[in-house]
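Peer 1: got a predicted structure here, sequence first:
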Amino acid sequence: MLIKVYGSAVFGVEATTITVEVNIAKGVGYHLVGLPDNAIKESNYRIAAALLNNDYRIPGKKITINMAPADLRKEGSAYDLTLALGILTASGQIKSDSIENFIIMGELSLDGSLQPIKGALPIAIKAKEEGFKGFILPKENAREAAIVEGLEVYGIDNIIEVISFFDKGTALEQTIIDTKAEFYKTLDFPEHDFSDVKGQESIKRCMEIAAAGGHNIILIGPPGAGKTMLAKRLPSILPPMTMQEALETTKIHSVVGKIKNMGLMNQRPFRSPHHTISDVALVGGGAYPQPGEISLSHNGVLFLDELPEFKRGVLEVMRQPLEDREVTISRARFSVTYPSSFMLVASMNPSPGGYFNDPDAPVTSSPAEMQRYLSKISGPLLDRIDIHIEVTPVPFEKLSEDRKGEGSVAIRKRVTAARELQTLRFADTDTVHYNAQMNTKQIRKHCKMDDASKELLKNAMERLNLSARAYDRILKVARTIADLENVPEITGTHIGEAIQYRSLDREGWLG
C-alpha cells in the first residue's frame, strides 16, 4: 500500500515541502532513499522502539520510503514522526483520510515522546502558502509556529496523541496566539536603561544619533569607562520593530532552534560574541550552512567588545555583509543567503595596556605601541563604521550623585520620530529604510549642503586625509543629526558635529 505524508526541509531561512512516500509490499527489508543524512538513516531504530513502547510495530515486510524531491539533501532527526506515521498508515495499523492535509514534524524519543525541532516558523509559513490545513509538531515549538495566521497548529507531547487524532478522531488542542498582542507587548520597562548611566552625556548623544540613523559606532576608552554598559543599553532606544522585522528576526532564530516557547520576538536582538570566535561562527557556514552571529543580530545590535583582540581574518569577513546587509554562503551544490542588516557596535582600549598615552595612568603605552595595537584593525573596516567616539572615565562627582540621567523611553521617542522621517523619505525604495543604508545616489539627493558647509567639509577632508567612504559617512551622520532636530536642510553645525565623530581619522590615532 502506498501512502504520502508531508514534512518540510529548511534551507537558509526558507522551507521546502518534502513528500514522504511510504510503500509496503511483500518481502523483507527497509529501504530509505532520497538523499537522507545519517540522522534520518538512523531513524528506523528510534521509530521501532517508540512504536513498540506504545503497542504498535514496524511490519516485517518490504518497506520502501522515498523522500521527494529525491535530489535535495535532507538532514536532521525532525522527520521521525513523519516517517513513523507514514509506516503506520501504509501498513494499515491506523486509518486516516486526512493525513495528507497536514505537515507533520518531530523527533521521537524511544518512549514515543517528542523532542523540539528547528525552523518551525519557516515551515509553518510554507505550509500556509501551499494550502495545508494544519501543522503537527512538538509542543515546545507550537507557539512559534502559531504566529502564522490561517494555519491550524497542534503541539503534541507523544506520538500516541497523533495516532489517536488520525485513527480515532480524538481532538487535539489547537495552539492559538494573538500575534498583534504578542507584538505590541509593552517596551516601556527595558531591562537595561540609559537612566542607569551616570555622566557620559556626550556619549549618550552619540548613541542616540547612531540609533536614529542605524549607524555603526566604535567606542574607544580605558577599562571601566562604561563602554560595555553603554553598548548593552543601545537596543533599549532603538525604535520598536515593525511586524515584518519581527517575523524576519524570528525566522532566523527559529532556524537555529532559539525560539522554544517564545512565540514572536518583539525585542531587537543583542549579540555579543567572544573575541575567540571563528569566521564561520561569525558570518555563518558549516557543512550544512547555519546562520552566524551577524545574521542572529539581524534588525538588532552586534557588539564586538575589545575589537583588536578579534582575529584579523574574522573581522575582514564582515566587510561585505556590512555593505550588502546580507551574507551568501556557497557550496558546490547550492548556496543560501541569510539577511544581516545589523548595527555594529564595537569597543576597544586605545592601547595594549588599556590606557591613553598618559604618564599618570596605571599602565602606560608608548605611541609606537598604541600605533601597533590600533593597526590590528584595517582601514577599510574602520571606514565602514560611521561614528568613532572617545569614552573617558566618569569623575567621582558624577558617579556619586543621586540624580538619574535621561531614561531610554524618552530617548527612544526622539529616535523613533527621526526614523519616521526617514521612512517617509525612503518610502519609494524597498532596500533602504534609514540613513545608514543610503547609497551614493541617495546621499547626493538627500544630503545637499550650502557653500559654507562644503568649505568646512573640504577643509576637514584635506586636514584629516579622509577617504571617499568617510566623506559619505560624515554626510549620512549629518543627515541624521538634522533629522533629530526635524530640520529639512543640513547646515554647517550638523556637518561640524558629524566630523567630530571621526576620532580615529585624526592625527595621533592611526598615523
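Peer 2: Received it, and whenever you're ready, just let me know what you need.
Peer 1: so how far is N23 from the spatially most central residue of the chain?
Peer 2: Relative to the mean C-alpha position of the chain, the nearest C-alpha, by Cα atoms, centre = their mean, is the one of L296, at 2.5 Å. According to Cβ to Cβ, to the nearest Å, L296 and N23 sit 41 Å apart. C-betas here are computed from N, CA, C, even on glycine.
Peer 1: how is the protein divided into domains?
Peer 2: 2-177, 194-429 (automatic domain parsing).
Peer 1: in TSV, list these along with distance to N465 and mean pLDDT.
Peer 2: Formatted as TSV, these follow (distance: least, Cβ to Cβ, whole Å; pLDDT from 0 to 100):
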stretch	distance to N465	mean pLDDT
domain 2-177	41	94
domain 194-429	11	86
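Peer 1: now distance to A468 too, for the ones you listed, in a markdown table please.
Peer 2: Below are the domains of the chain laid out as a markdown table (distance: least, Cβ to Cβ, whole Å):
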| stretch | distance to A468 |
| --- | --- |
| domain 2-177 | 33 |
| domain 194-429 | 9 |
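Peer 1: measure the residue nearest to the centre of the chain to V13 for me?
Peer 2: Using Cβ to Cβ, one obtains 12 Å as the distance from L296 to V13.
Peer 1: hmm, I47 is touching S109, no?
Peer 2: No. Counting by Cβ atoms under 8 Å, I47 stays clear of S109, with 11.1 Å between them.
Peer 1: more neighbours: these two, which one.
Peer 2: I47 (26 against 16; other Cβ atoms under 10 Å).
Peer 1: tell me if I'm right that V336 and S295 touch.
Peer 2: No. With contact defined as Cβ under 8 Å, V336 does not reach S295; the gap is 10.3 Å.
Peer 1: with neighbour numbers in mind, choose between the two.
Peer 2: Remark: of V336 and S295, S295 carries more neighbours, 31 against 21, as counted by other Cβ under 10 Å.
Peer 1: residues contacting that one?
Peer 2: 252, 283-284, 327, 338-340 (Cβ atoms under 8 Å, 6 or more residues apart in numbering).
Peer 1: quick one, longest strand in this protein?
Peer 2: strand 14-25 (DSSP state E).
Peer 1: show me what it is packed against.
Peer 2: Applying 3 or more Cβ pairs under 8 Å, 6 or more residues apart in numbering; DSSP states H and E, one finds that strand 14-25 contacts strand 2-11, strand 62-68, helix 80-90, helix 120-129.
Peer 1: coming back round to it: now the contacts of S295 as a markdown table including neighbour count and secondary structure?
Peer 2: Listed next are these as a markdown table, based on neighbours: other Cβ atoms under 10 Å; DSSP: H, G, I helix; E, B strand; the rest coil:
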| residue | neighbour count | secondary structure |
| --- | --- | --- |
| I252 | 26 | helix |
| V283 | 22 | helix |
| G284 | 27 | strand |
| V327 | 23 | strand |
| Y338 | 24 | strand |
| P339 | 21 | strand |
| S340 | 26 | coil |
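Peer 1: show me which pair in the residues you listed is furthest apart.
Peer 2: I252 and V283 (13.4 Å; Cβ to Cβ).
Peer 1: picking that back up, between L296 and V13, which contacts overlap?
Peer 2: I252.
Peer 1: which residue ranges of the stretch 351-500 of the chain form helices?
Peer 2: 367-374, 379-383, 396-400, 408-425, 440-446, 451-464, 468-484, 492-500 (DSSP state H, counting those that start in this stretch).
Peer 1: to I237, which of those lies closest?
Peer 2: Closest approach to I237 among the helices of the stretch 351-500 of the chain is made by helix 408-425 (4.5 Å; Cβ to Cβ).
Peer 1: give me the contact list for the closest one.
Peer 2: 187-188, 190, 192-195, 204, 208, 211-213, 233, 236-240, 433-435, 446, 480, 483-484, 486.
Peer 1: which members of those occur in strands, if any?
Peer 2: Of these, none are assigned to strands by DSSP E.
Peer 1: and the buried ones among those, selectable in ChimeraX?
Peer 2: To isolate the buried members of the contacts of helix 408-425 in ChimeraX, using 16 or more other Cβ atoms under 10 Å:
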select :187,190,192,193,194,195,204,208,211,212,213,233,236,237,238,239,240,433,434,435,446,480,483,484
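Peer 1: what number of residues are in the vicinity of the residue lying closest to A70 once chain neighbours are set aside?
Peer 2: Nearest residue to A70, sequence neighbours excluded (Cβ to Cβ, 6 or more residues apart in numbering): G34, at 4.5 Å. Residues lying near G34 (other Cβ under 10 Å) number 19.
Peer 1: so the closest residue to L88 other than its chain neighbours, which of the three states?
Peer 2: Distances taken as Cβ to Cβ, 6+ apart place I94 nearest to L88, at 4.8 Å, with adjacent residues excluded. Following DSSP: H, G, I helix; E, B strand; the rest coil, I94 is assigned to coil.
Peer 1: before we move on, what about L219?
Peer 2: Going by three-state DSSP: L219 is strand.
Peer 1: and it, how many residues sit next to it?
Peer 2: Neighbourhood size, L219 [other Cβ under 10 Å]: 26.
Peer 1: that one and L234 touch, don't they?
Peer 2: No. Look at L219 against L234 with Cβ under 8 Å: they stay out of range, at 10.4 Å.
Peer 1: name the residues contacting each of the two.
Peer 2: Contacts common to L219 and L234, judged by Cβ under 8 Å, 6+ apart, are V345.
Peer 1: do you know how far the residue nearest to Y373 when sequence neighbours are not counted is from S503?
Peer 2: Distances taken as Cβ to Cβ, 6+ apart put P352 closest to Y373, at 5.0 Å, once the chain neighbours are dropped. Distance, P352 to S503, by Cβ to Cβ: 19 Å.
Peer 1: for the two, indicate the residue with more neighbours.
Peer 2: The neighbour count for P352 versus S503, taken as other Cβ under 10 Å, is higher for S503 (17 against 13).
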